[in-house]
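Colleague: Task: produce atomic coordinates for the following.
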Amino acid sequence: MKRSSVAHLQCSIAQTLELVGEWWTLLVLRNISFGQRRFEAIQADLGIARNVLSDRLSMLVEHGILERVMYQEHPQRFEYRPTAKGRDLMGVLLALMAWGDKWAAPDGKPMLVTHTDCGHETTPTVACSHCGGELQWGHTRVQAGPGLQRSVDVG
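Modeller: Numbers count the residues shown, from 1 in each chain. Next up is the predicted model:
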């Protein structure tokens, strides 16, 4: 079954998935976020087809998530660096990693995360920006925000 677009949905999750929801895209972002920024290295590590990687990188640059920076002139070679928009996806990647460590890694965490500010290993969590408490199922609620545009019923 071919995936269809969810761009028509008024949902921040759906809009994010339009940009980064394809699984190769998240893996490319993972590699770049963890310091692997050159095409050849990403391609070799992931085993991704060159055309697929090229397409994903171009889309991420086009949407301002990555920037393409020349590191060699002859021949021209580029690396990919996250923009502010791309760096803001680190929390998403870490949240996916934490879930995977808990529920999909029977032999233990494949990678360890260290918080460089304090030097300690950490387990990423999603926390309230006001009180710092962990945001968990059953302890949050959502309501319509200023960006929701409701359909006008003309009937």
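Colleague: any idea of the mean pLDDT for stretch 28-41?
Modeller: For stretch 28-41, mean pLDDT rounds to 96.
Colleague: State the distance spanning the first to the last residue of it.
Modeller: 11 Å (CA to CA, to the nearest Å).
Colleague: show me what contacts the residue nearest in space to the middle of the chain?
Modeller: What sits nearest the mean C-alpha location of the chain, by CA atoms, centre = their mean, is Leu89, with 4.4 Å. If a contact means CB atoms under 8 Å, 6 or more residues apart in numbering, then Leu89 has Val20, Leu29, Ser33, Ile65, Pro82 as its contacts. The way it works is simple: take the backbone N, C-alpha and C, and place the C-beta from them, glycine included.
Colleague: Could you look up the SS state of the residue nearest to Val20 when sequence neighbours are not counted?
Modeller: Nearest non-adjacent residue to Val20, counting by CB to CB, 6 or more residues apart in numbering: Leu26, 6.0 Å away. Classification of Leu26 using DSSP: H, G, I helix; E, B strand; the rest coil returns helix.
Colleague: Look up how far Leu96 lies from Leu26.
Modeller: 7 Å (CB to CB, to the nearest Å).
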